[in-house]
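>>> below are the sequence and a predicted model for it; my questions follow.
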Amino acid sequence: MNVGVAYADKFKQIWLKLEVPDGCTVREAIEHSRILEQFPEIDLEHQRVGIFGKITRLDAKVEEGARIEIYREITADPELVERRDT
């Protein structure tokens with residue numbers, strides 16, 4: 001089945017489309033994507049993951065067409081950062 005794996009660091013965003021076996025878990029899809037090799041700072045034991053913006057577990061089963069997202073820690077509290085007028 002076809003899924004996507006997305007991640008963004010401070011400098012780069014990546015969205016990988018790949019084919020994974022039916023019944024694959026979120027963790028297995030992430031490992032299959034090899035994104036952990038490109039971004040060694042990703043720590044799946046501490047970072048949250050989601051599917052289409054909804055937090056999920058690493059052992060959740062993936063469905064056809066899912067976009068798996070790996071989230072970074074928030075580096076600035078949005079309530080404390082000065083608002084920029086554009």
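Received it, and whenever you're ready, just let me know what you need. A quick note: this is a predicted structure, and the numbers were derived from the prediction, not measured.

>>> pLDDT below threshold where in this structure?
74-86 (pLDDT under 70).

>>> cutoff 90 now
Within the chain, the segments meeting pLDDT under 90 span 9-12, 72-86.

>>> and the helices in it, which stretches?
For the chain, applying DSSP state H gives helices covering 26-33, 35-38.

>>> which of those sits closest to G65?
G65 lies closest to helix 26-33 among those, at 12.1 Å (C-beta to C-beta). (C-beta placed from N, C-alpha, C; glycine too.)

>>> residues in contact with that closest one?
The contact list for helix 26-33 (C-beta atoms under 8 Å, 6 or more residues apart in numbering) reads 3, 5, 16, 18, 20-21, 24, 36, 44, 49, 51, 56-60, 62, 66, 68, 70.

>>> ok, now stretch 61-68?
Taking C-beta under 8 Å, 6+ apart as the rule, stretch 61-68 contacts 1-6, 15, 20, 23-26, 28-30, 49-52.

>>> if we go to 7 Å?
1-6, 20, 23-26, 29-30, 49, 51-52 (C-beta atoms under 7 Å, 6 or more residues apart in numbering).

>>> which of the residues you listed are buried?
Among those, the ones that count as buried by 16 or more other C-beta atoms under 10 Å are V3, G4, V5, A6, V20, C24, T25, V26, A29, I30, V49, I51.

>>> what is the nearest of the residues you listed to P40?
Comparing the buried ones among the contacts of stretch 61-68 against P40 with C-beta to C-beta picks out I30 as the nearest, at 13.4 Å.

>>> look up how far L16 lies from the closest one.
Taking C-beta to C-beta, to the nearest Å as the measure, I30 and L16 are separated by 10 Å.

>>> joint contacts of the two?
V5.

>>> now the helices of the chain as JSON lines including distance to K10?
As requested, those are exported to JSON lines (distance: least, C-beta to C-beta, whole Å):
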{"stretch": "helix 26-33", "distance to K10": "20"}
{"stretch": "helix 35-38", "distance to K10": "15"}
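
>>> deepest of those helices, which one?
Here the criterion is mean neighbour count by mean count of other C-beta atoms under 10 Å, and of those the winner is helix 26-33, at a mean of 20.

>>> chain center to stretch 19-27: distance?
14 Å (C-alpha atoms, centre = their mean, to the nearest Å).
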